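Chemist: task: produce atomic coordinates for the following.
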Amino acid sequence: MVEPQQEQVWLEIGRIVAPQGVRGAMRVYPNSDFPERFLEPGQRWLRRKGDLHPDLVELVSGRDLPGKGLYVIELEGIRTREAAESLRDAVLLVPEGDRLPLESGEFHVQDLLGLEVFHHQTGQRLGVTVDVFSAGNDLLQVQLDEALLPQKQENVKSKGGKKRQKPPSPPTVFIPFVEAIVPVVDLEQQRLEIDPPMGLLDIIN
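Modeler: Below is the predicted model of the structure:
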């Protein structure tokens with residue numbers, strides 16, 4: 001009996017956001033704190049927008065774009081602006097087994113997604129992490145639990161012209177990912193705790 005092969009798990013390290021110049025270079029928004037992912041030549045994987053599976057590509061060169069929070073990379077075989085434009089919104093990947101070692105207090109972005117978020121002082125569940133953004137200090141995007149919100153209704157028109165009431169979608173808030181505000185990250189329990197400063201969660205009051 002042949003056991004089925006496990007599907008490869010990928011880590012997203014960046015997203016192509018635009019061409020750079022006319023010779024096939026492209027701008028990448030990083031989803032990794034490891035510059036070598038974009039600076040050191042070698043094999044990477046690329047999943048084009050709408051595709052289910054990635055293709056193997058060769059990173060020829062890369063450089064930092066000062067002050068922009070972006071990298072400029074060149075991939076083998078991509079030599080025109082049009083070819084680079086065709087890769088807009090494609091994501092760069094590495095196999096999960098290719099994780100680089102972390103320092104104390106560092107985390108892979110993928111590991112922070114989907115964590116339950118609790119108030120550090122009260123233990124109340126607040127929501128779940130849905131994204132991480134780099135903006136000076138990293139920001140955790142947290143979708144708040146619907147039960148925490150004021151029960152307002154939205155008017156929605158149906159095809160017959162009648163109005164019906166629809167609850168609003170749970171909003172998200174951005175939490176600075178610094179130890180003073182996020183003192184506990186427990187990947188084993190799939191949770192983190194926040195100690196929000198005054199005003200950060202006014203939306204639920």
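Chemist: quick one: the helices in this protein?
Modeler: 36-39, 81-85, 109-112 (DSSP state H).
Chemist: make a markdown table from these and add mean pLDDT and mean neighbour count to it.
Modeler: (C-beta placed from N, C-alpha, C; glycine too.) Rendered in a markdown table, the data for those read as follows (pLDDT from 0 to 100; neighbours: other Cβ atoms under 10 Å):
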| stretch | mean pLDDT | mean neighbour count |
| --- | --- | --- |
| helix 36-39 | 93 | 18 |
| helix 81-85 | 97 | 16 |
| helix 109-112 | 82 | 17 |
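Chemist: quick one, what contacts the closest residue to Lys68 other than its chain neighbours?
Modeler: On the basis of Cβ to Cβ, 6 or more residues apart in numbering, the spatially nearest residue to Lys68 that is not a chain neighbour turns out to be Arg27, at 8.0 Å. Applying Cβ atoms under 8 Å, 6 or more residues apart in numbering, we find Arg27 in contact with Ile16, Val17, Ala18, Pro19, Gln20, Leu65, Lys68, Leu70, Tyr71, Val72.
Chemist: which one among the residues you listed gets closest to Leu144?
Modeler: Distance ranking of the contacts of Arg27 against Leu144, using Cβ to Cβ, places Val17 first at 28.0 Å.
Chemist: now that closest one: how far from Ala84?
Modeler: Applying Cβ to Cβ, to the nearest Å, one obtains 11 Å for the distance of Val17 from Ala84.
Chemist: residues shared between the contacts of the two?
Modeler: Met26.
Chemist: so where is the chain shaky, pLDDT-wise?
Modeler: Along the chain, the parts satisfying pLDDT under 70 run over 1-6, 100, 135-136, 149-169, 202-205.
Chemist: quick one, strands of it?
Modeler: Shown for the chain, the strands assigned by DSSP state E span residues 10-20, 25-30, 42-47, 55-65, 70-75, 91-95, 116-119, 125-135, 137-144, 154-157, 163-166, 172-176, 184-186, 191-194.
Chemist: OK, contacts around the nearest residue to Asp138 once chain neighbours are set aside?
Modeler: Nearest non-adjacent residue to Asp138, counting by Cβ to Cβ, 6+ apart: Phe177, 4.1 Å away. Applying Cβ under 8 Å, 6+ apart, we find Phe177 in contact with Leu112, Val132, Asn137, Asp138, Leu139, Leu140.
Chemist: what bridges to the residue lying closest to Leu113 once chain neighbours are set aside?
Modeler: In space, not counting the residues next to it along the chain, Leu113 is nearest to Thr129; the distance is 5.8 Å by Cβ to Cβ, 6+ apart. Here Thr129 sits in beta bridges with Val142, going by DSSP bridges.
Chemist: isn't Thr129 right next to Leu139, touching?
Modeler: No. With contact defined as Cβ atoms under 8 Å, Thr129 and Leu139 do not form a contacting pair (10.5 Å).
Chemist: hey, what's in contact with both of these two?
Modeler: Here Thr129 and Leu139 have no joint contacts, going by Cβ under 8 Å, 6+ apart.
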